[in-house]
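In: the following comprises the amino acid sequence and a computationally predicted model.
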Amino acid sequence: MALKDAVTLLAAAAAAASALAVAFSRDVMRAALGLLGVVLSLAVVYASLGGILVAGAQIVVYAGGVVVLFMFAMMVLEYRREGSGGRPAGRRFRPSALVAGLAIFGLLFSFAGLLEAPVRGGEAMAWRTTVASLFGPWIPLLVLAGYLLFVSLVAVTVLARREPGK
Amino acid sequence: MTFLALQILAFWLLAVGVLAVVIRRSPLAVFMGIELMLNGAILLVMLGVRPGVVNAVDGPAAVLLLVALAAAEVAVGLAVMMAMFRHGGSADLNDARDLRG
């Protein structure tokens, strides 16, 4: 079995195990970490399939956006653990941390070029072609809009923290 | 063999996601189940990217659209959950019966 296939199968197994944690863990925080494990493992799978752009979007949108949004909602709603046995936090999150660590290692492995993008059927998924076909000549403007949105996010956060009348 | 394993993984994610939606009472866990289902669907689309089935450019573009759709769905769903919490002091799905017309 090639090294690429072995990494892909390992990531798939990690995704399947993390999915079980999402469905059956009574601790919502642990379920969120399981979702993080699923997302990162699937990013490894996408990278090994040649979809580098999709793997990047998976990390940025899911791991960086959706999972953080879940954790933010947990903080706001003050979710508590449901019968996790009172074990220390570090030990409770150890399996999820292991899966996430393995997935990050696999991602680094993939992006380092050790896993060449497979050309199943003779057509590679070139991310430059995909980006160009999606956005055409508007890429610089989209990057500028992204920076503006980031600056506005910081400004809104600062304004929201300011007390009225100051 | 890898292709078959990934197909099985996609259906596994769909099945586990459905299970999470059915058995969990916490809306956060239900949303996570929906995310699992979406990830299974996205994996199936990625596996379909090959000549004659889905174009190598159109496939990833469709996947990006699905990812953006999933993120928007989570944002809206969590906002509804927050509104439920602020309105009734609870974010339990059993208390969402008040939403009936």
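Out: Received it, and whenever you're ready, just let me know what you need.
In: CA only for contacts and neighbour counts going forward, please
Out: OK.
In: in chain A, which helix or strand is least confident?
Out: helix A:89-92 (a mean of 55; mean pLDDT, DSSP states H and E).
In: give the buried residues for the helix or strand containing residue A:15.
Out: Element membership for residue A:15 (DSSP states H and E) is helix A:3-24. For helix A:3-24, burial by neighbour count (16 or more other CA atoms under 10 Å in any protein chain shown) applies to A:4-5, A:7-24.
In: how about it and chain B, touching?
Out: Yes - Helix A:3-24 is in contact with chain B by CA under 8 Å from any CA of the partner chain, via A:5, A:8, A:9, A:12, A:15, A:16, A:19, A:20, A:22, A:23, A:24.
In: the fifth one reaches residue A:36, doesn't it?
Out: Looking back up the chat, that one is residue A:15. No - counting by CA atoms under 8 Å, residue A:15 does not reach residue A:36; the two are 9.4 Å apart.
In: just checking, what's the longest helix in chain B?
Out: Longest helix in chain B, counting residues (DSSP state H): helix B:58-88.
In: does any bit of it sit next to chain A?
Out: Yes - counting by CA under 8 Å from any CA, chain A is contacted by helix B:58-88 at B:58, B:60-61, B:63-64, B:67-68, B:71, B:74-75, B:78, B:82, B:85.
In: tell me the contacts of the closest residue to chain B within chain A?
Out: At 4.6 Å from chain B, residue A:23 is the closest residue in chain A, using CA to the nearest CA. Residues near residue A:23 by CA atoms under 8 Å, 6 or more residues apart in numbering or on different chains: A:31, B:16, B:17, B:19, B:20, B:24, B:29, B:33.
In: okay, who's weakest in the residues of helix A:3-24 next to chain B by pLDDT?
Out: Ranked by pLDDT, these bottom out at residue A:5, which scores 84.
In: ramachandran angles for residue A:25?
Out: Dihedral pair for residue A:25: phi -70, psi 130, per degrees, to the nearest 10.
In: tell me which element the nearest residue to it once chain neighbours are set aside is part of?
Out: Spatial nearest neighbour of residue A:25, chain neighbours left out: residue A:31 (5.7 Å); criterion: CA to CA, 6 or more residues apart in numbering or on different chains. Applying DSSP H and E as the criterion places residue A:31 in helix A:28-48.
In: could I get the average pLDDT for whichever helix or strand residue A:152 is part of?
Out: Assigned by DSSP H and E, residue A:152 falls within helix A:139-161. What helix A:139-161 shows for mean pLDDT is 72.
In: for stretch B:59-68, same thing?
Out: 80.
In: then that stretch to CSV, C-alphas only?
Out: What follows is stretch B:59-68, C-alpha atoms only, in CSV (Å, rounded to 0.1, in the frame of the first residue of the first chain):
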residue,chain,number,x,y,z
GLY,B,59,-16.5,20.0,-8.6
PRO,B,60,-14.4,22.1,-6.2
ALA,B,61,-16.5,25.2,-7.0
ALA,B,62,-19.6,23.3,-6.0
VAL,B,63,-17.9,22.1,-2.8
LEU,B,64,-16.9,25.7,-1.9
LEU,B,65,-20.5,26.7,-2.4
LEU,B,66,-21.7,23.9,-0.1
VAL,B,67,-19.1,24.9,2.5
ALA,B,68,-20.3,28.5,2.4
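In: give me the contacts around that stretch.
Out: With CA under 8 Å, 6+ apart as the test, stretch B:59-68 has contacts from A:51, A:53-54, A:57-58, A:61-62, A:125, A:130, A:134, B:38, B:42, B:45-46, B:48-49.
In: work out the gap between it and the centre of the chain.
Out: On the basis of CA atoms, centre = their mean, to the nearest Å, stretch B:59-68 sits 14 Å off its chain's mean C-alpha point.
In: just give the closest residue to residue B:24, not the sequence neighbours.
Out: residue B:30 (6.2 Å).
In: OK, contacts around that neighbour?
Out: Shown in contact with residue B:30 (CA under 8 Å, 6+ apart): B:20, B:21, B:22, B:24.
In: switch the cut-off to 7 Å
Out: B:20, B:21, B:24 (CA atoms under 7 Å, 6 or more residues apart in numbering or on different chains).
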